[in-house]
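Novice: here's a sequence, model it:
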Amino acid sequence: MERLHALASRLLAEDLAHFRVHADSNDLVHVFEHDGAAMDLPGCRAILGGKLRVLPEHRGRALHLWSGLRFYLRSQLHHPLTRFYRLSLASLFGFVSITSALAEFQLFDAHAGDPEGRAVRATFERIAAQSHYRLDPETSLFFVDIRYAPDTLARYPQSYYDRPEARLYERVNPGYRENGSYAAFWFRFTPRNLVSLVRTILRKRRALSFNS
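Specialist: Residues are numbered from 1 along each chain as shown. Down below sits the predicted model:
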C-alpha cells in the first residue's frame, strides 16, 4: 500500500490514510476490473473508474482508454442485454484525456430530475460514500480531498489548458487547482463513442510506434 501511495502521490497529493480508505473499497488493484455497479434503471449497470495514475514515461499510450474499452467489450459480451454507463469523478487531466476521446458525454448534474438523471446521481452518491467523498448538491462537484502535486500543473504547457476540454473543466470547477474537488461526468457506449474511442487508441499507438 505504501508503494502504491508513493506512486499516486507523485501526481496528485493525498495522505496515506485517505488513500487507504479508497483502495480498501476496491477488490482489485487494476482499472475497471469488477462487474460494474447496479443502477436504478432496469437493465443498466455502471462502469466505474478508480485511481488512475500513469507515470510520465508511460503516458500517451491510451492505456486507460484501452483498459476501459476492453472491460466494456468483455462485459457486453457476457451480458448482451445490459446497457452500460461509464461514470467518472475526474481530475482535470482525467477529464481532458477521456472526454477528448469521446463523441458525446454528459456533465453530471445533481439537479437532473428525469429517471436517468436520478439514477446517475444515486450511483455517483454510492461511489462517493464508499470513498468518503462528499457531493456538493449546489455545484455538482465532489470533494475528494485530493490535490495536485506542486510540479504537476507546471508540467503542462499553456496550450494544454487552452484545449476546449480543459476550459470546460475550469468553467465547471473554477477552483480545481486548490479546492480538493473533482468534477463528474458520464457517457454511454454508443456507436459514435465506440468509434471515437477506437480511433483515438489507434492514432495514439501509431504515433508512439512512429516516434519510437
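
Novice: quick one: residues contacting the residue nearest in space to the middle of the chain.
Specialist: Taking CA atoms, centre = their mean, the centroid of the chain lies closest to Ser88, which sits 3.8 Å from it. By CB atoms under 8 Å, 6 or more residues apart in numbering, the contact set of Ser88 is 48-49, 94-95, 98, 184-186. For every residue, glycine as well, the C-beta is placed using N, CA and C.

Novice: sort out for me which of those residues are in helices.
Specialist: Taking DSSP state H as the definition of helices, the contacts of Ser88 contribute 94-95, 98.

Novice: ranking by neighbours, what's the top pick from the residues you listed?
Specialist: Counting by other CB atoms under 10 Å, Phe95 has the largest number of neighbours within those, with 25 neighbours.

Novice: mind listing what that one touches?
Specialist: Phe95 is in contact with 88, 165, 169, 183, 185, counting by CB under 8 Å, 6+ apart.

Novice: got JSON lines for those residues, with pLDDT too?
Specialist: Rendered in JSON lines, the data for those read as follows (pLDDT from 0 to 100):
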{"residue": "Ser88", "pLDDT": "93"}
{"residue": "Glu165", "pLDDT": "98"}
{"residue": "Tyr169", "pLDDT": "98"}
{"residue": "Ala183", "pLDDT": "97"}
{"residue": "Phe185", "pLDDT": "97"}
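
Novice: same list (the residues you listed) but as TSV, adding distance to Leu65.
Specialist: Rendered in TSV, the data for the contacts of Phe95 read as follows (distance: CB to CB, whole Å):
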residue	distance to Leu65
Ser88	12
Glu165	14
Tyr169	18
Ala183	19
Phe185	15
